[in-house]
Every structure is written in structure tokens, then in C-alpha cells.
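In: Build me a model:
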Amino acid sequence: MTDYIGYDALTQAAMRGVVREALREAAKGSAPPGDHHFYVTFRSKAPGVKIPDHLIEQFPEEMTIVVQHQYWDLEVHEGHFEIVLKFNRIPQHLTIPYNAISRFVDPAVNFGVNFERTAAAGEAEIVAPALDDAPIAAEDSEAPTASGETVVSLDEFRRK
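Out: This is a model prediction of the structure:
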């Protein structure tokens, strides 16, 4: 079945918006609020990523940064964020577009989201864990179609 609405792209944009808003909260102070802290993994050679060459050499595919206590000048923009972190005691300015992020985790609240590239478009899509493989429907409310897909009746979920 063709997804003319583009739910994967909508979900991706929404979840990247969550990452942006979490970073905005962290940018308000000298550290993220409470016990929050972030692990941000990004593709080091993705378009728009600006990091020093020695870091690209050290992390040619992906790099993970920690936004917790020791960071400076966190600036959150619509399409990217900028941050200064120390590597070997030397401050380094990083620019990371949200589209370059492959993983975002806040272990303080057990929140995490993975963004993976799709083979077809080269774009990232969100990979959500399956909540349950069992269908959510009452008995006899499902009917297989000729193409093998399952149609679930919504009658069981409507208010009466």
C-alpha cells in the first residue's frame, strides 16, 4: 500500500522537533534541567556537519557527544544546533544539523530515539520499538484482504 501522506517523514520531523526542544531547554541554563543529560550520536560526514578535521579522522562515521555539565555556547536553531565542547582540554566548536543525528538518548528519563537511513531515499526515518505483535482488536473484527493485509474494524473502539 502506498503512503501518500508520508507518515515516516512526518514522524521523523516530529521526533527531530522533540530533540530540538530538549536542546532548547538545556540552552536556557548552564546544564540541562534536573538530572537530564543527552547523548547525541550523529553522522560525522553528513551534509552541514562542521567539526574539526581531527575529530572526523578520529570518528569517520559517527560520533557521540554528551550534553551534561561541561559544554558552552549551546545555540539551538531551527535546522541545527551549535555547541562548544572540550576535546583534550581544547574547546572545539561543533555545528550539527538535526538531519545528521542518528540517535538521541536522555538516560535520566529512559527516553531514546533512533533515526536510521532508508536505502531508497538516503533520508533518515524513525525506528520505533514494536509495542506488541498481537493485533489490537476484538475477536472476529479482522478480515484479511486479497493482498494479505489485515483490516481492523474500529467499531470496538468507538463510544456507544
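In: and T95, that one's in a strand?
Out: Yes - T95 forms part of a strand when assessed by DSSP: H, G, I helix; E, B strand; the rest coil.
In: Can you name the residues that contact it?
Out: For T95, the contacting residues are G48, V49, K50, I51, H80, F81, E82, by C-beta atoms under 8 Å, 6 or more residues apart in numbering. In short, each C-beta sits where N, CA and C put it, glycine included.
In: now it: how far from G29?
Out: 21 Å (C-beta to C-beta, to the nearest Å).
In: same check, this time on V113
Out: 23 Å.
In: Please compare those two by neighbour count and tell me which comes out ahead.
Out: Taking other C-beta atoms under 10 Å, V113 and G29 do not tie; V113 has more neighbours (19 against 9).
In: does that one belong to a helix or a strand, and which?
Out: strand 111-117 (DSSP states H and E).
In: And the average pLDDT for that strand is what?
Out: Strand 111-117 carries an average pLDDT of 85.
In: list the helices and strands it packs on?
Out: Other helices and strands packing on strand 111-117, by 3 or more C-beta pairs under 8 Å, 6 or more residues apart in numbering; DSSP states H and E, are helix 7-27, strand 101-106, strand 124-127.
In: Name the residues of the longest one that are buried.
Out: Counting neighbours by 16 or more other C-beta atoms under 10 Å, one finds that the buried residues in helix 7-27 are Q12, M15, R16, V19, R20, A22, L23, A26, A27.
In: Stretch 61-77 too?
Out: Under the neighbour-count criterion of 16+ other C-beta under 10 Å, stretch 61-77 has M63, I65, V67, Y71, L74, V76 buried.
In: Could I get the CA-only coordinates of that stretch as CSV?
Out: Coordinates of the C-alpha atoms in stretch 61-77 are reproduced here as CSV (Å, rounded to 0.1, in the frame of the first residue of the first chain):
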residue,chain,number,x,y,z
GLU,A,61,31.4,7.5,10.5
GLU,A,62,29.6,8.5,13.7
MET,A,63,30.4,10.5,16.8
THR,A,64,28.6,10.7,20.1
ILE,A,65,28.7,13.8,22.3
VAL,A,66,27.4,14.2,25.8
VAL,A,67,25.4,17.4,26.7
GLN,A,68,25.5,17.4,30.5
HIS,A,69,27.8,19.6,32.6
GLN,A,70,30.8,20.8,30.5
TYR,A,71,29.5,22.5,27.4
TRP,A,72,29.4,26.1,26.3
ASP,A,73,27.6,28.4,23.9
LEU,A,74,24.8,26.0,23.1
GLU,A,75,22.8,27.7,20.4
VAL,A,76,19.6,26.0,19.1
HIS,A,77,18.4,26.9,15.6
